[in-house]
Every structure is written in C-alpha cells, then in structure tokens.
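> Sequence first, then the predicted structure:
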Amino acid sequence: MTIPDFQSLMRPVLAHLADGEIRRTRDMKDAMADAFSLTDDERAQMLPSGRQRTMDNRVGWALTYLRQAGLIDQPSRGRVVINAAGRKALTAYPDRIDMKTLEAYPAYLDFRDRTREKTQTDTAPSDVGAPPADTSATPSELLELAVATNRSAVEGEVLKAALALSPTGFEDLVIALLARMGYGRAGSVERTSASGDAGVDGIISQDPLGLDRIYVQAKRYAEDRTIDRPRIHEFAGALLGKQGDRGVFITTSRFSGGAMQEAERINARIELIDGRRLAELLVTYGVGVQAEESVTLYRLDEDYFESL
C-alpha cells in the first residue's frame, strides 16, 4: 500500500484518539503505519532531505492541522489527546476529514490566514518533501510555503504557552524578549510590578546612568479580549508620572481602534504589540522556541562554469 498523504491521515489519526487516552506522538506514527499496513520499506522511506521518515512527517502534519483546528490538545510535550470538538468532528464527518473540512473551524481559518499572509500565495500547504500533485510551484516556493506553515503553527503554540503562564511569568517572558531584541544593557532590563510600581511592569535602561528609559506594560489577557482607549490613557499617565516619554504595551490579546488612535494622539511615544505580533517576535528572536533543522537550496553558478 502506498503511503497516505497527510490529509488522508487526519480522520484516522483523530479516530485513533477517540478513546480519550493521552498518547505520545511517536506512538501515533507507529499506530498509523500499522493501520495502513505499510511494509518495512514504506515505513523506512525517507524524505528527500534524508532527515525524517515520510510517514512520520505526514502523521506529524496531520496532528499539526488537527491541533490548529482545535480538535486535539497537547497536554505536554510530545503528547496529544482528543477534546470535545474532536469527538463531535468524528460524528459529523464519518468518512473523511481534510483541509476543506477544517474550514468549518474558526481556529483553523485563523491559522490558514496567518500562513497566507506570510507567503502571499493561495497555494494549499503540503507536507515537506511531498508537494501536491497539481502544484506548479518551484522547489523554492514550496519550501517557503512549508516554512511559513511551520512558523504559523509554532506562533500559535507559543501564544497559547504564553497565555498559560502566571502574570509574573508572562512579565518575565516579555522582559526576556526585549532583552533578546537588544534593548537596554546587560542586566538593565528589569521587572518592577512586584514592587508595586503602579502602571509599569518593567523598565529598560538604555544608558549606564539610567537616564534614558523605556517603560513596559505587559498584560496576559484572553485572545478574544480587547484593550481599549482608557487602558492606553492610563499607561500614558503612568509614563507622565515618571517623566518618561517612551513606552511599550504588550499583550496576548488585541487593541481596539480607539486604543491605537490614543497611542498616536498622546505626546509620549507608545508602541503597541498585540498577541499576533508578540508571537512573531518570540519566534523571530528565539525566545521559547528551538531551531529544529535548516535547509540549503542550491542554484547553478553560471559564472563559475563560464570561467573554465
């Protein structure tokens, strides 16, 4: 039997989790190879890069899409479990679950839209090393699309992890990010909320004497919550009380139009970073994520051959 594509694996993967047991992703890959009666050679088949088995890769992508659609949860690293939405999906779609099916779930649509924003293309994603049969994209375009899909998924997971932190843990995450971005000097980025510094959660000293400072407000709110104009006005007041003129307001949620207008209106310079941009920055600067692998693309060096 040929190795199934990742979309054909979605419902079998979900059905295998139907008993509610928490399972290791490694075990899921073996279970799917058994379910599809793959031969030893098919199980051993590798992607062109030689870094991962094809079946493992495709099961991994099936799990990623199901997780992004909100049909399964990841209670801990390398483990997955079905949730209530996943059980309903099994009943609602008895024959097949694929990317078209997942369009019924807002969480998946948000994931898909984030991916398209990064690639500026409507080409359907596929697993790395196995492009769809009807694609006309070049290898470079396929790789770009795969990287964007992976990044979008990781950004969603990073934001969920940030939401699960305690308020002080989230503040420490924000301070670590700003330090990684190069703000302040060594040891000059500090959390202040624990000291009762009203309206300010962190201070970045840009010079040795601390004369040039950036003040930070970090709020861990649910993704569907909106920060409105009064909160920005309050933060601006806190800056004024400290004779500061620069601030960063970072949240896991989003800002209303009024909040953004307020940040533009006031004399102090306040940068607003919502949940989506926060996730992008965390991945970009390597805070809370690990690089898994890198890929090198080659092209013909015509100058070299012409010089011979």
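Happy to help now that I have it.
> Name the residues of stretch 162-175 that are buried.
162, 170, 171, 172, 173, 174, 175 (16 or more other C-beta atoms under 10 Å). In this view, the C-beta of every residue, glycine as well, is placed from N, C-alpha and C.
> likewise stretch 249-265?
249, 250, 251, 252, 253, 254, 255, 259, 260, 262, 263.
> Just give me the closest of those residues to residue 29.
Residue 29 lies nearest to residue 252 out of the buried residues of stretch 249-265, by C-beta to C-beta, at 31.9 Å.
> re earlier: I'd like the buried residues of stretch 249-265 as CSV, with pLDDT appended.
Converted to CSV, these look like this (pLDDT from 0 to 100):
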residue, pLDDT
249, 94
250, 94
251, 95
252, 95
253, 95
254, 94
255, 95
259, 94
260, 94
262, 91
263, 90
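> Which of these fall in strands?
Using DSSP state E, the subset of these located in strands is 249, 250, 251, 254, 255.
> can you redo the residues you listed as a markdown table with distance to residue 2?
Shown next, in a markdown table, are those (distance: C-beta to C-beta, whole Å):
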| residue | distance to residue 2 |
| --- | --- |
| 249 | 52 |
| 250 | 48 |
| 251 | 47 |
| 254 | 44 |
| 255 | 49 |
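> Which of those sits closest to residue 303?
Closest to residue 303, out of all of these and judged by C-beta to C-beta, is residue 250, at 47.1 Å.
> Quick one: residues contacting that closest one.
Residues in contact with residue 250 (C-beta atoms under 8 Å, 6 or more residues apart in numbering) are 174, 216, 217, 218, 219, 273, 278.
> try it again with 10 Å
The neighbours of residue 250, taking C-beta atoms under 10 Å, 6 or more residues apart in numbering as the test, are 170-171, 173-175, 177-178, 201-202, 216-220, 271-275, 277-278, 281.
> distance of it from residue 256?
According to C-beta to C-beta, to the nearest Å, residue 250 and residue 256 sit 16 Å apart.
> Please apply the same query to residue 65.
31 Å.
> Need the pLDDT of the most centrally placed residue in the chain.
Closest residue to the average C-alpha location of the chain: residue 155 at 1.1 Å, with C-alpha atoms, centre = their mean. Note on residue 155: pLDDT of 94.
> Buried ones in the host helix or strand of it, by neighbour count?
Secondary structure assigned from DSSP states H and E places residue 155 in helix 139-163. Residues of helix 139-163 classed as buried: 142-146, 148-159, 162 (neighbour count, 16+ other C-beta under 10 Å).
> can you give me the helices for the stretch 1-150 of the chain?
Assigned by DSSP state H, counting those that start in this stretch, the stretch 1-150 of the chain shows helices spanning 6-16, 25-35, 40-44, 54-68, 84-92, 99-102, 106-119, 139-163.
> Just say which of those is most tucked in.
helix 54-68 (a mean of 24; mean count of other C-beta atoms under 10 Å).
> Can you show me the strands along the stretch 151-300 of the chain?
Applying DSSP state E, counting those that start in this stretch to the stretch 151-300 of the chain gives strands spanning 189-191, 202-205, 213-219, 226-227, 246-251, 254-255, 269-273.
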